[in-house]
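Colleague: Predicted model, plus sequence, below.
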Amino acid sequence: MSCYRIPIFLSVFLAASPTVTRATAQSADVHVAAARTAAFDPGLHDFTGTFTAVCAEREPGTQGLPTPGEPADFNARPIPERSEWYMEPVKVFDNLYNVGTIFHVWAVTTSEGIILLNSGKDYSMEGVVEGLQFIGLDPADVEYVVILAPHDLHYGAAKLFQDRYGSRILLSEADWNIIEETEYVPARLKPRKDIVLMDGQKLTLGDTTLTVQVTPGHGPGSLSILVRRDRICSREAQTPEGRQPTASGCAGWRSGLELSGGRASLFFK
């Protein structure tokens with residue numbers, strides 16, 4: 001499925017659009033249309049799968065339930081071979097790494113430990129641990145695990161980090177409620193309720209500060225995380241598949257990486 005891809009793509013930062021910045025009273029359709037335009041550029045990139053996964057609002061009450069491709073009984077899920085979900089970890093840029101699965105797990109390194117963005121499926125637990133070790137990181141240094149959406153694809157391994165390493169688990173209030181209320185995922189895989197993240201909140205660990213935005217759609221409390229860096233050039237940034245996004249005149253631009261619902265979009269302003 002295309003939603004299992006982990007793309008990084010150059011896009012137009014919506015706040016830079018005069019139409020969007022002045023449209024405080026306009027419909028959300030304006031923003032959705034702008035995102036759709038940014039997601040597809042013929043001959044350059046096609047991230048319509050990412051657009052659909054992030055921007056298509058799910059029906060109320062369906063969050064946390066199995067997706068159309070999953071069986072109604074959680075325990076009846078076929079567990080794929082490791083070769084189907086494991087991928088070699090990669091440094092995306094500076095202090096951001098894709099940890100090594102297809103489940104949108106990212107590590108942000110800081111001077112005082114690691115912030116993990118998503119944790120992956122329950123059966124990929126040890127793969128995430130091995131991925132961290134592969135890139136020279138100690139899983140015991142994971143201080144925070146930020147879960148971006150209330151599906152076990154994102155939080156399936158969170159309890160492992162909570163129990164084994166004492167990591168703090170962070171979600172929005174709405175998504176904590178979905179995890180608690182869903183009967184689809186067994187209680188043994190649900191992390192204990194911990195830190196609640198608020199819209200606009202700053203999460204600081206050591207020398208790094210992340211900005212949290214609550215962006216409903218993928219889930220009622222799904223999160224987008226902004227990682228700001230001073231400079232990212234094409235030689236430094238790459239996708240997990242090894243492709244390098246390009247940006248003319250990137251030296252001197254302010255840049256950042258926004259992770260929304262587990263997908264990443266590299267943008268400049």
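Modeller: Received it, and whenever you're ready, just let me know what you need. Numbers count the residues shown, from 1 in each chain.
Colleague: Got phi/psi on Leu203?
Modeller: Main-chain torsions, Leu203, degrees, to the nearest 10: phi -110, psi 110.
Colleague: didn't it look like it was pressed against Leu223?
Modeller: No: look at Leu203 against Leu223 with CB atoms under 8 Å: they stay out of range, at 10.3 Å. Just so you know, the C-beta spots here come from the backbone N, C-alpha and C atoms, and that holds for glycine as well.
Colleague: Between these two, which has more neighbouring residues?
Modeller: Leu223 (29 against 17; other CB atoms under 10 Å).
Colleague: Any idea what that one is bridged to?
Modeller: Val214 (DSSP bridges).
Colleague: what's the distance between it and Pro150?
Modeller: 10 Å (CB to CB, to the nearest Å).
Colleague: shared neighbours of these two, which are they?
Modeller: 171, 175 (CB atoms under 8 Å, 6 or more residues apart in numbering).
Colleague: so what sits against both of Leu203 and Leu223?
Modeller: 146, 197, 212.
Colleague: Including pLDDT and secondary structure, could those go into TSV?
Modeller: Shown next, in TSV, are the shared contacts of Leu203 and Leu223 (pLDDT from 0 to 100; DSSP: H, G, I helix; E, B strand; the rest coil):
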residue	pLDDT	secondary structure
Val146	97	strand
Leu197	97	strand
Val212	93	strand
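Colleague: how would you label Tyr97: helix, strand or coil?
Modeller: strand (DSSP: H, G, I helix; E, B strand; the rest coil).
Colleague: Is it in contact with Ile135, as I believe?
Modeller: Yes: at 5.6 Å, Tyr97 and Ile135 qualify as touching, with contact defined as CB under 8 Å.
Colleague: Please identify every residue contacting each of those two.
Modeller: By CB under 8 Å, 6+ apart, the residues touching both Tyr97 and Ile135 are 89, 91, 107.
Colleague: Show me which of these is closest to Pro191.
Modeller: Nearest to Pro191 among the shared contacts of Tyr97 and Ile135, counting by CB to CB, is Ala107 at 17.8 Å.
Colleague: how far out from the middle of the chain is the helix or strand hosting that closest one?
Modeller: Using DSSP states H and E, Ala107 maps to strand 106-110. Distance of strand 106-110 from its chain centroid, counting by CA atoms, centre = their mean, to the nearest Å, is 12 Å.
Colleague: could you give the mean pLDDT of that strand?
Modeller: Over the span of strand 106-110, the pLDDT mean works out to 95.
Colleague: quick check: angle from the helix or strand that comes right after it to strand 106-110?
Modeller: Next helix or strand after strand 106-110 toward the C-terminus (DSSP H and E): strand 113-117. With axes from the mean of the first three to the mean of the last three CA atoms, to 10 degrees applied, the angle from strand 113-117 to strand 106-110 works out at 160 degrees.
Colleague: And the average pLDDT for strand 113-117 is what?
Modeller: 97.
Colleague: Just want the angle from the helix or strand just after it to strand 106-110.
Modeller: Downstream of strand 113-117, the next assigned helix or strand under DSSP H and E is helix 125-134. If you take the same axes, to 10 degrees, helix 125-134 sits at 40 degrees to strand 106-110.
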